[in-house]
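> here you go, sequence then predicted model.
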Amino acid sequence: MASVACSLCHGSKKCAGCDGTGINPHMNESEPKCSDCSGTGICTACNGTGFSRVPRPEIFEPGFNKL
């Protein structure tokens, strides 16, 4: 499997919703923790690694060469 930069945090490893602070950026809500990362500040898409795992493409063989 190949590794590419996370599409959500772009490799920064920080939560995109709160920029890694863990604090809810919406002042009009009663919850003090970021709703995206639950207050951890870590990107939830890559679990803080900064990379997304990309599966190898599957090769489709229609079977025409077996006729």
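Cool, got the structure.
> how close does the residue nearest the centre of the chain get to Phe64?
For the chain, Ala45 is the residue whose C-alpha lies nearest the centre (Cα atoms, centre = their mean; 2.1 Å). According to Cβ to Cβ, to the nearest Å, Ala45 and Phe64 sit 39 Å apart. Any C-beta I mention is one placed from the backbone N, CA and C, and that applies to glycine too.
> just give me the neighbour total for the nearest residue to Cys6 once chain neighbours are set aside.
If you skip the residues right next to it in sequence, Cys6 has Cys46 as its closest partner in space, 3.9 Å away by Cβ to Cβ, 6 or more residues apart in numbering. Residues lying near Cys46 (other Cβ atoms under 10 Å) number 20.
> that's a helix at Cys46, yeah?
No. Secondary structure of Cys46 (DSSP: H, G, I helix; E, B strand; the rest coil): coil, not part of a helix.
> which residues touch it?
Applying Cβ atoms under 8 Å, 6 or more residues apart in numbering, we find Cys46 in contact with Cys6, Leu8, Cys9, Lys13, Ser52.
> if I look at it, how far off is Gly63?
Where Gly63 is concerned, Cys46 sits at a distance of 38 Å (Cβ to Cβ).
> many thanks, I have nothing further to ask.
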